[in-house]
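[1] Below is the sequence, then the predicted model.
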Amino acid sequence: MKLMRTLLAATALVAVMGGSAYAKQLVFCSEASPAHFDPGPTTGGNDFDASSRTIYDRLVEFEHGGTAVVPGLAESWEISADGLEYTFKLRPGVKFHTTSYFTPTRDLNADDVIFSFERQWKQDNPWYQYLEGLSWDYFQGMDMPKFLKSVEKIDDLTVKITLNEPNAPMLANLGMDFASIVSKEYADQLAASGNLADFANKPVGTGAFTFVDYQTDAVIRYAAFADYWRGKVALDDLIFAITTDPAVRAQKLKAGECDIMSYPAPADIEGLKADTNLTVLEQEGLNIGYMSYNTTVAPMDNVNVRKALSMAINKQALVDAVYQGAGQPAKNLIPPTMWSYDDKIVDTPFDPEGAKKLLEEAGVSGLTLDLWAMPVSRPYNPNAQRAAEMIQADWAAVGVTANIVTYEWTEYRERGKAKDRPGAFQIGWTGDNGDPDNFFATLFSCSAIGVSNYSSWCNEDFEKAIQDAKKVSDPAERTALYTKAQEIFKAEEPALTMAHSKVFMPMSKRVVGYTMDPLGIHRFDNVDVTE
């Protein structure tokens, strides 16, 4: 209760300072600490919730509750007939946040847009390596350096992005978190003072909420931005109460210590639904839980060994135990709710005897490998430790010994990127923009190796199919290419596709207007609370 007393005291202070009797506050029980508050180099949903979806905006946005692209910081745009030029007209009068550490002297302009992309793109940019060990995982993994030819200022409120070749998903890609627009003026101020790291720790954006402070691994505080270009939101204060254990998040929600919680454990969902003070929203997730085999490390460089490891796993039993009715076994990388899903694909069967035979034919016996288990709960994998234990037992039955390893969430993902990382790596994905490219290319393209391709898998035929699919706009042509990609993926088995899940969002009935997002993000700019 100490946390709540602190939060309530903060609320009372805001109310007194604002001269009002009541400040509207929402407490979100989030599941993990952010790596920092710069959305460019981060990859986790918890990072984006804490930064890009609160503090920042993008040229284009996704509609609430959907994947349709709508105007954002750009009020309009034109795309050339050849698909190579995107010209954006910026919204006039967009303000950056004024904070205790920065006071802007101008509105958003084209310089900010150019800086936002060039810092991720050009290696001679002084911001390219402003944090130790920095990598621009999304920008690299989505082949932005390959596609971008130039980002030009036409005038203060007009920016033209020119591509080297057509890219059908490009407009949707620009609505993603890595494409958040940051302040060049703030960056210049920090560069002049030598405090570049503050850019990630003391953020400045144009979004609905202004950053107030962060108590590491405990609480993040935000205040509504009075000069937000859409108009001030209904909330006055937004607080992230970081709570890593889903059972504790559920307890806090029931006790009124938070208003919304992320990612409940499947075992807690019925109890949350039964609570008359709560509402539990749900929808099919645009997601995949999977386990990457490192295809560059023997003996998993042998497709038959990878097949054997998958055949040894009782996927249905795993899904029943881990997802508890909130998931379905996955046979493809993309979920059934996504266009181009190929239902004709036949899943790898559960066949322990067949697995033993394949291992024997491959000359593999006494295999010992690392089995990585995520330390956090996600809809695409609500209990990776339990999944690992079940896989460990299934593998033991065919003579394979698995050592379960895990690390803190940010370190887990960083270690997983290593091209020579041994073993099988549990991870997952929720789509960022509603396009199949966001699964196929982001997760398994050759350029994503060392970034988000945890299998270090580079297949020439798969690569050609997904790259060709970017160059055409006709949905039927793209579907045919993605069908081919799914066939190759299943034949080569660079990863075990585990499950697609439902997503649940429990919240207090005092919360009004919250919309579940198929892209797995948590947005509070349309939320209100009642007493």
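    Noted; the coordinates are in hand. Worth saying up front: this structure is predicted, and the values here are computed from it rather than measured.
[2] What is the neighbour count of the nearest residue to residue 341 once chain neighbours are set aside?
    Closest residue in space to residue 341, ignoring its immediate chain neighbours: residue 334 at 5.6 Å, by C-beta to C-beta, 6 or more residues apart in numbering. Quick note: C-beta positions are derived from backbone N, CA and C, even for glycine. Neighbours of residue 334 under the rule other C-beta atoms under 10 Å: 27.
[3] repeat for residue 144
    21.
[4] What of residue 53?
    As a measure of burial, residue 53 has 24 neighbours, counting by other C-beta under 10 Å.
[5] ditto for the one 5 residues further on
    Burial of residue 58 is recorded as 23 neighbouring residues (other C-beta under 10 Å).
[6] do you know how far it is from residue 113?
    Separation of residue 58 from residue 113 (C-beta to C-beta, to the nearest Å): 10 Å.
[7] Overlap in contacts, these two.
    73, 181 (C-beta atoms under 8 Å, 6 or more residues apart in numbering).
[8] Contacts only, for the closest residue to residue 507 other than its chain neighbours.
    In this structure, residue 507 finds its nearest non-sequential neighbour in residue 260, 4.2 Å apart by C-beta to C-beta, 6+ apart. By C-beta under 8 Å, 6+ apart, residue 260 lies in contact with 26-29, 253, 505-508, 511, 514, 522.
[9] now residue 451
    So residue 451 contacts 135, 137, 140-141, 417 (C-beta under 8 Å, 6+ apart).
[10] and which of the residues you listed is nearest residue 200?
    Within the contacts of residue 451, the smallest distance to residue 200 is 13.4 Å, found for residue 135 (C-beta to C-beta).
[11] I'd like the distance between the residue nearest to the closest one when sequence neighbours are not counted and residue 119.
    In this structure, residue 135 finds its nearest non-sequential neighbour in residue 41, 6.3 Å apart by C-beta to C-beta, 6+ apart. Separation of residue 41 from residue 119 (C-beta to C-beta): 10 Å.
[12] can you check residue 510 too?
    Distance from residue 510 to residue 119, by C-beta to C-beta: 41 Å.
[13] Show the backbone phi and psi for residue 447.
    When read as degrees, to the nearest 10, the backbone of residue 447 gives phi -70, psi -20.
[14] Sorry, wrong one. I was asking about residue 152.
    phi -120, psi 150.
[15] next one: the one 10 residues further on
    Torsion angles at residue 162 (phi, psi; degrees, to the nearest 10) stand at phi -110, psi 130.
[16] Next, count neighbours for it.
    By other C-beta under 10 Å, the burial measure for residue 162, its neighbour count, is 15.
[17] ok, now which ones touch it?
    84-86, 148-152.
[18] cutoff 10 Å now
    Listed by C-beta atoms under 10 Å, 6 or more residues apart in numbering, the contact set of residue 162 reads 80, 84-87, 147-152.
[19] And those residues, which two are furthest apart?
    Taking C-beta to C-beta as the measure, those span a maximum distance of 16.3 Å, between 87 and 147.
[20] Where do the strands of the stretch 1-150 of the chain begin and end?
    Taking DSSP state E, counting those that start in this stretch as the criterion, the stretch 1-150 of the chain carries its strands at 25-30, 60-62, 69-71, 74-79, 85-90, 148-155.
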